[in-house]
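> need a structure here:
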Amino acid sequence: MKALKTYAVLTICLMLSVVINAQKFGYINSQQLIQQIPQVKEANAELETIKKQYEKQGQDKVAALQTKYAALERKQAQGEISPKQLEVEAQTLEQEKLEIAKFQQDIQQKLIEKSEALLSPLRDKIDAAIKAVAAENGYTYIFDESMGILLYADKSTNVSDLVKAKLNL
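Predicted coordinates:
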């Protein structure tokens, strides 16, 4: 009976070691991969162009507001405006200032949405390529070195070249 228990424990240990050894791990550096994809470079260039356009619009709005403030101060200094008119115009300029702040927030949101619209399909394509490489080559896990979750990796387990090939890079 004791020999049977020992045999069962040894069999289970042997089966576990086979299962553990059967797992195949690989890693990739997604940041390096992303930098090599031409569509990502194009998307980033488009985002930068849009960002510059929005920045120019914002700078123009700020410059116009500063001009209005300066004109109001000049009118006040020269006594061309009554205290009541000064208060009304100052409130109007404060409202414009709030509108500029809202414009800047809207710009940030639009840039985030545009970035997501441009880059999401590329992330999906990369994800599909990684999954295909894993399936074709029997990898149980593929880690991302650029995310800082990889403590050690044998260079032979780097699947970046396989994913690049899958993406035709």
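> going forward, measure contacts and count neighbours with C-alpha atoms only.
Fine.
> show me where pLDDT drops low in this protein?
Along the chain, segments meeting pLDDT under 70 span 1-22, 150-153.
> So which residues of it form helices?
2-22, 30-35, 38-77, 83-137, 160-166 (DSSP state H).
> Can you say which of these is packed in most?
helix 160-166 (a mean of 17; mean count of other Cα atoms under 10 Å).
> ok now that helix, how far from the chain's centre?
22 Å (Cα atoms, centre = their mean, to the nearest Å).
> ok so, going back, closest to residue 148 out of the helices of the chain?
Nearest to residue 148 among the helices of the chain is helix 30-35 (11.1 Å), distances taken as Cα to Cα.
> measure residue 48 to residue 103 for me?
18 Å (Cα to Cα, to the nearest Å).
> Format the helices of the chain as TSV; extra columns: distance to residue 154.
What follows is the helices of the chain, written out as TSV (distance: least, Cα to Cα, whole Å):
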stretch	distance to residue 154
helix 2-22	16
helix 30-35	17
helix 38-77	29
helix 83-137	16
helix 160-166	13
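> Out of those helices, flag the one nearest residue 146.
Minimum separation from residue 146 across the helices of the chain (Cα to Cα) falls at helix 30-35, 6.1 Å.
> quick one, which of the helices of the chain is nearest to residue 149?
Comparison of the helices of the chain against residue 149 by Cα to Cα identifies helix 30-35 as nearest, at 12.3 Å.
> ok now that closest one, how far from the chain's centre?
Per Cα atoms, centre = their mean, the centroid offset for helix 30-35 relative to its chain is 12 Å.
> Kindly report the same for stretch 134-150.
Relative to its chain's centre, stretch 134-150 lies at 20 Å (Cα atoms, centre = their mean).
> Can you tell me what sits against that stretch?
23-31, 130, 133 (Cα atoms under 8 Å, 6 or more residues apart in numbering).
> Can you mark which positions in that stretch are buried?
Applying a neighbour-count criterion of 16 or more other Cα atoms under 10 Å, one finds 134, 139, 142-145 buried in stretch 134-150.
> closest to residue 115 among the residues you listed?
For the buried residues of stretch 134-150, the closest approach to residue 115 (Cα to Cα) belongs to residue 144, at 21.8 Å.
> Just give the closest residue to the closest one, not the sequence neighbours.
residue 28 (5.0 Å; Cα to Cα, 6 or more residues apart in numbering).
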